[in-house]
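Visitor: Dropping a prediction and its sequence here:
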Protein chains: 2
Amino acid sequence: MSDTVTKQVSPEVLMAVADYFKVLSEVSRLQILSNLRAGPMTVNDLVDATGLGQANLSKHLKVLTQAGLLSRTPSGVSAYYEIVDPLVFELCESVCDSISDRLLQQAQKFNQFKSFSKSP
Amino acid sequence: MSDTVTKQVSPEVLMAVADYFKVLSEVSRLQILSNLRAGPMTVNDLVDATGLGQANLSKHLKVLTQAGLLSRTPSGVSAYYEIVDPLVFELCESVCDSISDRLLQQAQKFNQFKSFSKSP
DNA sequence: TCCATAAAAGGTTATATAGTTATATAATCG
DNA sequence: CGATTATATAACTATATAACCTTTTATGGA
């Protein structure tokens, strides 16, 4: 048998992974995560920080919490939300690097024109 | 100046990152990527491998190509698609690990019940 | 107990897009 | 050139969901 057998990934797993990515595919949610990077915040704090509406924000927080990215800690009349899994930021950084690389590569292609005007 | 200054990430960057994740948030596209892991394939190959409709598949391939994840190489009457950036698979693995960890943690919580029935 | 504030839940609308069917483009071969 | 095969595009439908508004729940203080 071969060394790297290419088994098909089960649809169940693909679905779970797709769902995870879907959670990260909204600017508003990335904004929330970005703000929470500094530490726990209440919903009100996040309303001020992000400019999102309270109801809308609350729903996004629910999505993020159910996906296991945030934890919710009620405190009196407020609720603090906090990053649970810092993996998110690693993922974002990797993606940023990838996008950056791609743009650089594309930029280089356009430099090929220079060889016309600057030949000896 | 502080050591770890928490600058806000620009909306432009957040949008690009969100778009990238959005590309990965569909089971059909993950399926395509998963199949292409073994090597380049034509559209027809992928129709057979994934069971997706040809038109539908073609659209997904366009999305994946425009996002910089795949490359397209016409060959005669066919077109070969190929993974460009293996980062995708690293991302998927990380996400799978995260999901797995979370499920294990949840499972442990339910084991707390055992202490009732099994005490000396 | 009543009030004020914080957060969540419910309902509505607008928009994006996955999937399907039908058609168009393009390349190879007779 | 006409026929065939492989891909891509266009138009359409159905569904999901983000944003907004309103209402409800819950907590702490007067």
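Guide: Cool, got the structure. Residues are numbered from 1 along each chain as shown, chains lettered A, B, ... in the order given.
Visitor: what's the longest helix in chain A?
Guide: Longest helix in chain A by number of residues (criterion: DSSP state H): helix A:87-111.
Visitor: Pull out the buried residues from that one.
Guide: Buried positions in helix A:87-111, judged by neighbour count with 16 or more other C-beta atoms under 10 Å in any protein chain shown: A:87, A:88, A:91, A:92, A:94, A:95, A:98, A:99. (Each C-beta comes from the backbone N, C-alpha and C, glycine too.)
Visitor: Next, format the residues you listed as JSON lines and append pLDDT and distance to chain B.
Guide: Output for these, formatted as JSON lines (pLDDT from 0 to 100; distance: C-beta to the nearest C-beta, whole Å):
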{"residue": "A:87", "pLDDT": "95", "distance to chain B": "5"}
{"residue": "A:88", "pLDDT": "96", "distance to chain B": "9"}
{"residue": "A:91", "pLDDT": "97", "distance to chain B": "6"}
{"residue": "A:92", "pLDDT": "97", "distance to chain B": "6"}
{"residue": "A:94", "pLDDT": "97", "distance to chain B": "6"}
{"residue": "A:95", "pLDDT": "97", "distance to chain B": "5"}
{"residue": "A:98", "pLDDT": "96", "distance to chain B": "5"}
{"residue": "A:99", "pLDDT": "96", "distance to chain B": "6"}
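Visitor: So residue A:74: helix, strand or coil?
Guide: The three-state label given to residue A:74 by DSSP: H, G, I helix; E, B strand; the rest coil is strand.
Visitor: Out of the buried residues of helix A:87-111, which comes closest to residue A:47?
Guide: The closest of the buried residues of helix A:87-111 to residue A:47 turns out to be residue A:88 (C-beta to C-beta; 21.0 Å).
Visitor: which residues does that closest one contact?
Guide: Counting by C-beta atoms under 8 Å, 6 or more residues apart in numbering or on different chains, residue A:88 touches A:24, A:33, A:69.
Visitor: what sits against the closest residue to residue A:42 other than its chain neighbours?
Guide: In space, and not counting its chain neighbours, residue A:42 is closest to residue A:78: 4.4 Å by C-beta to C-beta, 6 or more residues apart in numbering or on different chains. The neighbours of residue A:78, taking C-beta under 8 Å, 6+ apart as the test, are A:42, A:43, A:44.
Visitor: what about the last one, neighbour count?
Guide: Residue neighbour count, defined by other C-beta atoms under 10 Å in any protein chain shown, stands at 13 for residue A:44.
Visitor: pLDDT averaged over the helix or strand hosting it - what is it?
Guide: Using DSSP states H and E, residue A:44 sits within helix A:43-50. The average pLDDT for helix A:43-50 rounds to 96.
Visitor: Could you point out the helix or strand that follows it?
Guide: Sequence order places helix A:54-66 as the next helix or strand after helix A:43-50, per DSSP H and E.
Visitor: And that following helix, what's buried?
Guide: Under 16+ other C-beta under 10 Å, the buried positions of helix A:54-66 are A:57, A:60, A:61, A:63, A:64.
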